[in-house]
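Trainee: got a structure for you, letters missing:
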């Protein structure tokens, strides 16, 4: 699959505001500041399609990007560092859970994990929750350009070991939005799940 066209369509605060055209969706989930927006820009070959920020928690809604007029990439709000009230976090959590469990057009969740660090407790809880609910997902290790070749291999091996310990077997793609390493493989994987 080749991504030739990409447009931002809308931000949806909850499931009720999502598009109703029935097109398939893949979504990107992960901690705040893990590089979801940079990844969307790299996949679509557009530098400023998705707004990137150094402030964690900037994405507060489901951001919809229409790709090739045939499917959506959905950028989910990051979990983790966002400086918001507990009440707001609770509402986000409920909306995200509703989206992941009830969105019939959702084909695949791509869980983005920063390759430089061990997956956090939140990362582990999230992948376990997805597996427990039978939601199709794949893991993407981001920011690989920040690591040496040995560190890259260790990062992939560590994630495989953690997933194996949870009795989970899913595809793992190692990428760099900066150098575009792994981007063609991820694009192919998205095409396969659509």
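Mentor: Noted; the coordinates are in hand. Everything numeric here is computed off the predicted structure, so don't read it as measured data.

Trainee: which ones are touching residue 160?
Mentor: residue 172 (CB atoms under 8 Å, 6 or more residues apart in numbering). Glycine gets a C-beta too; all of them are placed from N, C-alpha and C.

Trainee: let's go with 10 Å and repeat that
Mentor: Listed by CB atoms under 10 Å, 6 or more residues apart in numbering, the contact partners of residue 160 are 139, 168-170, 172.

Trainee: Just the ones in helices from those, please.
Mentor: Using DSSP state H, no member of the contacts of residue 160 falls within helices.

Trainee: Which of those are buried, as a PyMOL select command?
Mentor: Selecting only the buried entries of those in PyMOL, with 16 or more other CB atoms under 10 Å as the criterion:
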select buried, resi 139+168+170+172
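
Trainee: which residues touch stretch 122-132?
Mentor: 29-32, 34, 78-81, 96-97, 100, 109, 111-114, 117-120, 135-137, 139, 159, 162-163, 165-170.

Trainee: switch to 8 Å and redo it
Mentor: 29-31, 79-80, 100, 109, 111, 113, 119, 137, 139, 162-163, 166, 168, 170.

Trainee: Looking at these, which are in helices?
Mentor: If you go by DSSP H, the contacts of stretch 122-132 have 100, 162-163 in helices.

Trainee: what's the closest of these to residue 13?
Mentor: When these are ranked by distance to residue 13 (CB to CB), residue 100 comes first, at 15.4 Å.

Trainee: Check the gap between the closest one and residue 15 for me.
Mentor: Per CB to CB, to the nearest Å, residue 100 is found 10 Å from residue 15.

Trainee: quick one, which of the two is more surrounded?
Mentor: Taking neighbours as other CB atoms under 10 Å, residue 100 and residue 15 compare with residue 100 leading, 20 against 17.

Trainee: now the strands for this protein?
Mentor: 6-12, 25-30, 62-67, 71-75, 106-114, 137-142, 172-174 (DSSP state E).

Trainee: Tally up the residues packed near the closest residue to residue 64 other than its chain neighbours, please.
Mentor: Distances taken as CB to CB, 6 or more residues apart in numbering put residue 9 closest to residue 64, at 4.4 Å, once the chain neighbours are dropped. Residue 9: 13 surrounding residues under other CB under 10 Å.

Trainee: which residues touch residue 9?
Mentor: Applying CB under 8 Å, 6+ apart, one finds that residue 9 lies in contact with 19, 64-66, 72.

Trainee: follow-up on the earlier one: so can I have CSV of the contacts of residue 160 showing pLDDT and distance to residue 183?
Mentor: Formatted as CSV, these follow (pLDDT from 0 to 100; distance: CB to CB, whole Å):
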residue, pLDDT, distance to residue 183
139, 98, 16
168, 96, 24
169, 95, 23
170, 97, 19
172, 97, 15
